[in-house]
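Peer 1: A predicted structure for the sequence below; I have some questions about it.
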Amino acid sequence: MIPSDLVDLSRLQFALTAMYHFLFVPLTLGLSFMLVVMEVTYVITGKEVYKDMTRFWGKLFGINFALGVATGITMEFQFGTNWAYYSHYVGDIFGAPLAIEGLMAFFLESTFIGLFFFGWNRLSKGKHLLATILMALGSNLSALWILVANGWMMYPTGAEFNFETMRMEMTNFWAVFTSEWAQAKFVHTIAAGYMTGSFFVMAISAYYLLKRQDVKFATSSFRLAAAFGIVATALTLHMGDESGFLVTRDQPTKIAAMEAVWDTHEAPAPMTLFALPNDEEQRNAAQIDIPWVFGLIGTRSFSTEIPGIKQLEAQAEERIKNGQKAVAALEKLRADPKNETLRTEFKALEPDLGFGLLLKRYVADVSQATPEMIKAAARDTTPQVAPMFWSFRLMVSCGLALGLIFVLGLVFAVKNTLATKPLFLKLTLLALPLPWIACEAGWFVAEYGRQPWTIYNILPTHLSVSSLSTGDLIGSLLGFFILYTLMLIAEMWLMVRFSRKGPSTLGTGRYHFEAK
């Protein structure tokens, strides 16, 4: 059996690096297409203010992009260093989209980001706009292939288990690429990134308006960002609804934890607006419900029930017992691989093989598992409810607040009354952390909610780690924490420094600090 502290430290290290990396990703995605919109406006109107907007916000994009690349590269290396068995088990599928991401998207993005910064006086308007579009396309394609890989982890398709190699092997790349999960995660993630980029531009522009600094530049930036943000919010909400439907259908334990549903409710189930979940007693205190809403959103029907955690754990017990038989059949088949009877027997039991492997957390020989071990393994199939419940609500609350600010901001910008709304401008500036909070909370819900699996229903997390010592992990964990914190401080210092100076950093002689 693999020590639990080794698994916990491996998970903690990956969570740390992923969450740090995801501080930079949404802004990179959002600003990339914001720059396209700004430059298109410049090419169409010929107004220099839009060119200056593209160049200035592009500087902040460049700072953020550099830190995103630096934190992202180390994440991918961890699959080999910390998750060696995972890489062996599913590398045939998981490695393909990551390789394509590097060959197609990263090189495209990295090449044209150079033309974006250094091509202003060397390229025509149309050619420079094309470079900006390809840079933004590269950023989004990078996210696409990573989320195709992640979507497969959430809902494995287009692959099958090979008992001879003891690996999952790809059978249909197109099925992996076009998976509903992959596409929903991609669109939801980039839309959230567009919200982040839009709100970043709005908040910094609000700062300029409060300071009476570069008012025309700030107003134009604010108006464009608010309009872009409203479209991004609508897309994010739509794809969030689609993701919720997929989770309800394919990951029932995750959705039950997100809504703290302990017992199956008569359809259509209510949505829990507020509750104090108790994981030990498997009940909620101070619960406030909205009738029907959860059932209608989650199943899009009036008659489909959404199972509760207690019922799901009872189902998991049965699958674990069946999984014990699957493990035994696999061992027999590997000893006699040409036996067609054994092959047929294993194929019938194979869907529950992963559930049988859950027992290896408690006993090396799963056939020796006691009823208590089976119950414990079944309980493991449900992630901790309280963190899921509150993280989901934090994400949704932040998203709705951002949507409201976008709408109000566009109304005030169109009416040209932003300068008379100092309270709103201060609120916008103070709300700057909200998109990052929403993105981090959403990523936590997606990844923590998949536990105890790295590959849903197939490969348990505790079997996926490398053979490392706790000392190795503690040392590297501290190293990453210190390095990434220093990088984050450097990013914040640079962003604040350039943001305060505003478009004066362009050296055109037209802006606030240059005029003085």
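Peer 2: Right, received. Where do you want to start? Numbers count the residues shown, from 1 in each chain.
Peer 1: may I see the buried residues of the helix or strand containing Y207?
Peer 2: Per DSSP states H and E: Y207 is located in helix 180-210. Across helix 180-210, burial judged by 16 or more other Cβ atoms under 10 Å covers 180-209. Any C-beta I mention is one placed from the backbone N, CA and C, and that applies to glycine too.
Peer 1: likewise stretch 61-74?
Peer 2: Within stretch 61-74, the residues that count as buried by 16+ other Cβ under 10 Å are 61-69, 71-72, 74.
Peer 1: kindly report the same for stretch 90-106.
Peer 2: In stretch 90-106, counting by 16+ other Cβ under 10 Å, buried: 90-94, 96-98, 100-101, 105-106.
Peer 1: just stretch 226-233 next, same as before
Peer 2: By 16+ other Cβ under 10 Å, the buried positions in stretch 226-233 come out as 226-230, 232-233.
Peer 1: which parts of the stretch 351-500 of the chain are helices?
Peer 2: Listed in chain order, the helices of the stretch 351-500 of the chain (DSSP state H, counting those that start in this stretch) span 353-357, 371-380, 385-414, 422-430, 434-448, 470-501.
Peer 1: secondary structure class for Y42?
Peer 2: Under DSSP: H, G, I helix; E, B strand; the rest coil, Y42 falls in the helix class.
Peer 1: which SSE is the residue lying closest to it once chain neighbours are set aside in?
Peer 2: Nearest non-adjacent residue to Y42, counting by Cβ to Cβ, 6 or more residues apart in numbering: Y50, 3.6 Å away. Assigned by DSSP H and E, Y50 falls within helix 48-81.
Peer 1: packing partners of that helix?
Peer 2: Under the contact definition 3 or more Cβ pairs under 8 Å, 6 or more residues apart in numbering; DSSP states H and E, helix 48-81 sits against helix 4-21, helix 25-45, helix 84-100, helix 107-118, helix 215-250, helix 470-501.
Peer 1: for those helices, which one sits closest to P277?
Peer 2: P277 lies closest to helix 215-250 among the helices and strands packed on helix 48-81, at 17.7 Å (Cβ to Cβ).
Peer 1: can you list the domain ranges for this structure.
Peer 2: 4-251+383-515, 309-380 (automatic domain parsing).
Peer 1: save those domains as CSV, and put in mean pLDDT and distance to F274 too.
Peer 2: Below are the domains of the chain laid out as CSV (pLDDT from 0 to 100; distance: least, Cβ to Cβ, whole Å):
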stretch, mean pLDDT, distance to F274
domain 4-251+383-515, 92, 8
domain 309-380, 95, 18
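Peer 1: now those in CSV, with distance to A286?
Peer 2: Output for those, formatted as CSV (distance: least, Cβ to Cβ, whole Å):
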stretch, distance to A286
domain 4-251+383-515, 12
domain 309-380, 18
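Peer 1: any idea which of those domains gets closest to P268?
Peer 2: Comparing these against P268 with Cβ to Cβ, the closest turns out to be domain 4-251+383-515 (11.8 Å).
Peer 1: ok now the closest one, how far from the chain's centre?
Peer 2: For domain 4-251+383-515, the distance from its own C-alpha centre to the chain's C-alpha centre is 8 Å (Cα atoms, centre = their mean, to the nearest Å).
Peer 1: shift numbering so it begins at 24
Peer 2: From this message on, residue numbering opens at 24, which makes the last subject domain 27-274+406-538.
Peer 1: for L382, state which of the buried residues of stretch 113-129 is nearest.
Peer 2: Proximity of the buried residues of stretch 113-129 to L382 (Cβ to Cβ) peaks at V113, which lies at 20.5 Å.
Peer 1: next up, the contacts around A207.
Peer 2: By Cβ atoms under 8 Å, 6 or more residues apart in numbering, the contact list for A207 reads 174, 262, 265-266, 269.
Peer 1: L58 now?
Peer 2: The contact partners of L58, by Cβ under 8 Å, 6+ apart, come to 77, 80-81, 84, 139, 155, 158-159.
Peer 1: then F135?
Peer 2: Contacts for F135 (Cβ under 8 Å, 6+ apart) come out as 154-155, 157-158, 161.
Peer 1: reformat the residues you listed as a markdown table; add secondary structure and neighbour count.
Peer 2: Formatted as a markdown table, the contacts of F135 follow (DSSP: H, G, I helix; E, B strand; the rest coil; neighbours: other Cβ atoms under 10 Å):
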| residue | secondary structure | neighbour count |
| --- | --- | --- |
| A154 | helix | 22 |
| T155 | helix | 26 |
| L157 | helix | 19 |
| M158 | helix | 26 |
| G161 | helix | 21 |
